[in-house]
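Undergrad: When you get a sec, could you give me coordinates for this:
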Amino acid sequence: MAYSDLNNVPTGSNWAESHRFEAERVQRPADAVELSELMSAGGPVRALGSRHSFTDLADTSGRLLSLDRFPLDLVIDAEAQTASFSAGVRYGDVAAELQSRGWALHNLASLPHISVAGAVATGTHGSGDRNGNLASAVAAIEFIDGTGEIVRRSRGDADFEGSVVAVGALGIVTRVTLDIQPTFEVRQDLYDHLPWDAAFAHFDEITSSAYSVSLFTDWVGDSIGIAWLKSRMDEPAPPDSLFGATRQRADEHMIPDQPATNTTVQGGIPGPWNDRLAHFRMEFTPSNGNELQSEYLVPRASVLAALEAMRTLGSKIAPLLLITELRTMAADNLWLSGAYDTDAVGVHFTWKKLPTEVGELLPEIEAALLPLGARPHWGKVFAAGVDELAPLYPRFDDFRALAERHDPKHLFRNNFLSRKLGL
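TA: Purely as a prediction, here's the structure:
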């Protein structure tokens, strides 16, 4: 077979080297036919994306199946304004191809290096008050489930909302169809020393001041740090000042003392959406991976209480922290999404690689945030288990039933799904 020489690829570790895979090997089929043949050999199996999860989410005691050899196979429906393609590709690759044809996605995450299937499955997001997370752009999805059936669901179909953010529990996603729009240009402007008092008094005005807004902080001191505004060139220009924060002309990294070499172009210089909406350039490795990440999606109505709680913990957080990013997203109807049925604010922690110390602090952070309705990002480090997570998702039991229906032989089950979803 075409993949016979790829069946014993070492599994290695995730991108941050915070988890070493226990799977016996990685297999890399070239297309859906080969994938189906590999799956028919039995489990357990899991899909392996771009290795950007920080836990054992994508791991298994059996085999990992990577779709990185699948061709892009991009098909654009200009009338419907959708693009269909192989799900294992990276966002940066499909974005460049869309841009070359005059089209755009509504948003990108910080890293363009992540796989589309992995980002969608974990509810990963970009930013913007009016922008849903990346999964909200899915118009249709195709996967091979645990019975070997090829399942195709489109927006409006029964169980579609449970099949998109699915953490790999239903099957291996082979193809996605995303909403697209005509290409657009974006400028990035940075504002230093945004006062915390202004952030509390004008949070909604700040996050609505551009198409996408990120606030970076270490939680201590009187100012947040940097506000990063991404403005579409077909919308109003960004403000000259931002509630006491001053616009910066030079490029800056969000982590102090780090060079801005690998960040996307700032300084108000317009460029295509795929070169501005992400924080990091596709052609650069964003960091050396010497970090951990956690994130909690807080209901918009509770964001000020969440910020106040994190400020109270600031003296404990700061010594372990590289940077926190605050970003907003619009509500969606995807069952396991962090923004299910609520506009949300992502409170993202990029930690120093101190797993013991971070692990000891996370329960205290979650004790403050989860009672406010915060939902942990599925691909990042968090302490909560099934008992704490179930009340946060109104369709939690519906998803568990859907997973059982699509995977009756438990082909895709692993330790993560057992701990976090009770599967």
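Undergrad: give me the low-pLDDT residue ranges for the stretch 51-200 of the chain?
TA: For the stretch 51-200 of the chain, no stretch has pLDDT under 70.
Undergrad: Could I get the full set of strands for the stretch 301-423 of the chain?
TA: In the stretch 301-423 of the chain, the segments counted as strands under DSSP state E, counting those that start in this stretch are 321-329, 344-352, 375-376.
Undergrad: want to throw these into TSV with mean pLDDT, distance to Ala16 and mean neighbour count?
TA: Using the backbone N, CA and C atoms, a C-beta is placed for each residue, glycine as well. Compiled in TSV, the strands of the stretch 301-423 of the chain are given as follows (pLDDT from 0 to 100; distance: least, C-beta to C-beta, whole Å; neighbours: other C-beta atoms under 10 Å):
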stretch	mean pLDDT	distance to Ala16	mean neighbour count
strand 321-329	97	12	24
strand 344-352	97	10	24
strand 375-376	98	17	24
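Undergrad: Distance to Thr312 for those strands - can I get that in a markdown table?
TA: Listed next are the strands of the stretch 301-423 of the chain as a markdown table, based on distance: least, C-beta to C-beta, whole Å:
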| stretch | distance to Thr312 |
| --- | --- |
| strand 321-329 | 14 |
| strand 344-352 | 14 |
| strand 375-376 | 20 |
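Undergrad: so which of these comes closest to Ser40?
TA: strand 375-376 (34.1 Å; C-beta to C-beta).
Undergrad: Which other helices and strands does the closest one contact?
TA: With contacts taken as 3 or more C-beta pairs under 8 Å, 6 or more residues apart in numbering; DSSP states H and E, strand 375-376 sits against strand 291-299.
Undergrad: gap between Asp407 and Ile144?
TA: Per C-beta to C-beta, to the nearest Å, Asp407 is found 11 Å from Ile144.
Undergrad: what's near enough to touch the closest residue to Gly118 other than its chain neighbours?
TA: Distance criterion C-beta to C-beta, 6 or more residues apart in numbering; nearest residue to Gly118, sequence neighbours excluded, is Gly49 at 3.2 Å. Taking C-beta atoms under 8 Å, 6 or more residues apart in numbering, we find Gly49 in contact with Ala58, Ser66, Leu67, Gly88, Ile114, Ser115, Ala117, Gly118.
Undergrad: Ranking by neighbours, what's the top pick from those residues?
TA: Gly88 (29 neighbours; other C-beta atoms under 10 Å).
Undergrad: Rebuild the contacts of Gly49 as CSV, extending it with distance to His202 and secondary structure.
TA: Output for these, formatted as CSV (distance: C-beta to C-beta, whole Å; DSSP: H, G, I helix; E, B strand; the rest coil):
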residue, distance to His202, secondary structure
Ala58, 40, coil
Ser66, 46, strand
Leu67, 44, coil
Gly88, 42, coil
Ile114, 32, coil
Ser115, 37, strand
Ala117, 38, helix
Gly118, 35, helix
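Undergrad: which of the residues you listed lies closest to Pro272?
TA: For those, the nearest to Pro272 is Ile114 (19.2 Å; C-beta to C-beta).
Undergrad: Count the residues that sit near the residue nearest to Ser86 when sequence neighbours are not counted.
TA: Excluding the flanking residues, the one nearest Ser86 by C-beta to C-beta, 6+ apart is Phe70, at 4.0 Å. For Phe70, the number of neighbouring residues by other C-beta under 10 Å comes to 21.
Undergrad: tell me the SS of Ala198?
TA: What DSSP: H, G, I helix; E, B strand; the rest coil gives for Ala198 is helix.
Undergrad: so what's it up against?
TA: Contact analysis of Ala198 by C-beta under 8 Å, 6+ apart lists Ile206, Phe243, Gly244, Ala245.
Undergrad: repeat that with 6 Å
TA: For Ala198, the contacting residues are Phe243, Gly244, by C-beta atoms under 6 Å, 6 or more residues apart in numbering.
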